[in-house]
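can you look at this prediction? I've put the sequence above it.
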Amino acid sequence: MENQSLLLIDGFNLLSRGYFATSYGRSDEQLSKTKDGVYINALRVFIPKLFNLIKEHDITHLAITWDVKREETDRRNKYDFYKATRGELPSPLIEQYFTLKTALEEIGIAQLEMAPYEADDLMGTLSNNWSNSVKNKCYIYSNDRDLLQLINEHTSQIIAQKTGEIVYSLEHFSNDYGIHPKQWVDVKALLGDSSDNIPGCPGVGEKSAIPLIQLYNSVEELYENMENLDTKFNRYKKKLEAGKDSTFISKELSAITIDIPHFAEYTFEDLKININEEKLSLKLEELEIRVKR
């Protein structure tokens, strides 16, 4: 088990960031294409970044995780408002999603998707299993702050910032928030998430949500102590009382699954990097993408 390291990539997070970073202010006709007319503007970000991450972090095991369709998820089936505000995706992005999935399959890079779960749940389960069994480094690549709840002594999140990427560790999280990453879901229960249409507790923002969880540990304990709420939070008492149901629904929606039964006996052998170099060269040539390795 020495020197093994797992990289879990939030596939659509990276692909869509690559797409929107290179398509801003451009029409579909102006986007990068191959000589055969295949859109590649997002792939030119995703594929080089993938190999850069493997090299930079000495990755031995790798999986790209994908979301299933929204209507196939447990969260959406239970709460129809979940992610209901998300609009249609641009067709060149959808096209590149399929091009990428085919390319990754051909060159031998593991991809995972599984209804009724989301990519977050796959990353949550795999990182948890890896931490418990392999007890070596695990990196989650995504800018989604929901995933902070998965950080532990073995698992860090690689987050892209304007100044470059940061490997955000348990130490970073503890210093920034003064709580354990497992309590991040309680902060999210109060804050909500507009991008996923998760309501949170209306009127409670980050300046109050984090101190509340620092003091009361969880939303359950917070509501158990409403009668004796610390006086410094008096101005939030009515908002908290009014938003109780919304807060608990938001916690349920924000909690990432870390124990998908399918992976109970998983050995990670399928995630061992074993790239078909010949097929990789051909695919990079076909897609007109250069990769430094």
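Great, that's in hand. Numbering: from 1, shown residues only.

what sits against residue 155?
The contact partners of residue 155, by CB atoms under 8 Å, 6 or more residues apart in numbering, come to 127, 130-131, 138-140. All C-beta spots, glycine's among them, are computed from the backbone N, C-alpha and C.

got the phi and psi for the nearest residue to residue 33 once chain neighbours are set aside?
If the residues on either side of it in the chain are set aside, residue 33 comes closest to residue 39, at 5.5 Å by CB to CB, 6 or more residues apart in numbering. Phi and psi for residue 39, reported as degrees, to the nearest 10, are phi -60, psi 140.

just to revisit the earlier point, so how do I select the buried members of the contacts of residue 155 in ChimeraX?
A single ChimeraX command suffices to select whichever of these are buried according to 16 or more other CB atoms under 10 Å:
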select :127,130,131,138,139,140
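
which of the contacts of residue 155 sits closest to residue 94?
Relative to residue 94, the closest of those is residue 140; by CB to CB it sits at 24.5 Å.

against which helices or strands is the helix or strand residue 174 falls within packed?
Assessed by DSSP states H and E, residue 174 sits inside helix 170-177. Applying 3 or more CB pairs under 8 Å, 6 or more residues apart in numbering; DSSP states H and E, one finds that helix 170-177 makes contact with helix 184-191.

would you agree residue 257 is in contact with residue 116?
No - assessed by CB atoms under 8 Å, residue 257 is found out of contact with residue 116, at 10.0 Å.

with neighbour numbers in mind, choose between these two.
Set side by side, residue 257 and residue 116 show more neighbours around residue 257, with 18 against 15, by other CB atoms under 10 Å.

phi first, then psi, for that one.
The phi/psi pair for residue 257 (degrees, to the nearest 10) is phi -70, psi 130.

need the contact list for it.
So residue 257 contacts 117, 121, 124-125 (CB under 8 Å, 6+ apart).

possible to save those residues as a markdown table with neighbour count and secondary structure?
As requested, these are arranged in a markdown table below (neighbours: other CB atoms under 10 Å; DSSP: H, G, I helix; E, B strand; the rest coil):
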| residue | neighbour count | secondary structure |
| --- | --- | --- |
| 117 | 23 | coil |
| 121 | 22 | helix |
| 124 | 26 | helix |
| 125 | 25 | helix |
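
hmm, who's touching the helix holding residue 174?
Outside helix 170-177, the residues that touch it by CB under 8 Å, 6+ apart are 148, 151-153, 156, 166, 180-181, 184, 187, 210, 214.

mind giving me the PyMOL command for buried ones among these?
Here is the PyMOL command that selects the buried residues among those (16+ other CB under 10 Å):
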select buried, resi 148+151+152+156+181+184+187+210
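
among the contacts of helix 170-177, which one sits closest to residue 64?
Of all the contacts of helix 170-177, residue 64 sits closest to residue 156, with 18.1 Å by CB to CB.

over to that closest one. Which of the three states is it?
strand (DSSP: H, G, I helix; E, B strand; the rest coil).

residue contacts, it?
Contacts for residue 156 were tallied using CB under 8 Å, 6+ apart; they are 137-140, 167-170.

and which of the residues you listed is nearest to residue 69?
Distances from residue 69 to the contacts of residue 156, taken by CB to CB, are shortest for residue 140, at 22.7 Å.

one step back: okay, and which of the contacts of residue 155 map to strands?
Judged by DSSP state E, the subset of these located in strands is 138-140.

any chance of these in TSV, plus distance to residue 264 and pLDDT?
Shown next, in TSV, are these (distance: CB to CB, whole Å; pLDDT from 0 to 100):
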residue	distance to residue 264	pLDDT
138	18	98
139	23	98
140	21	98
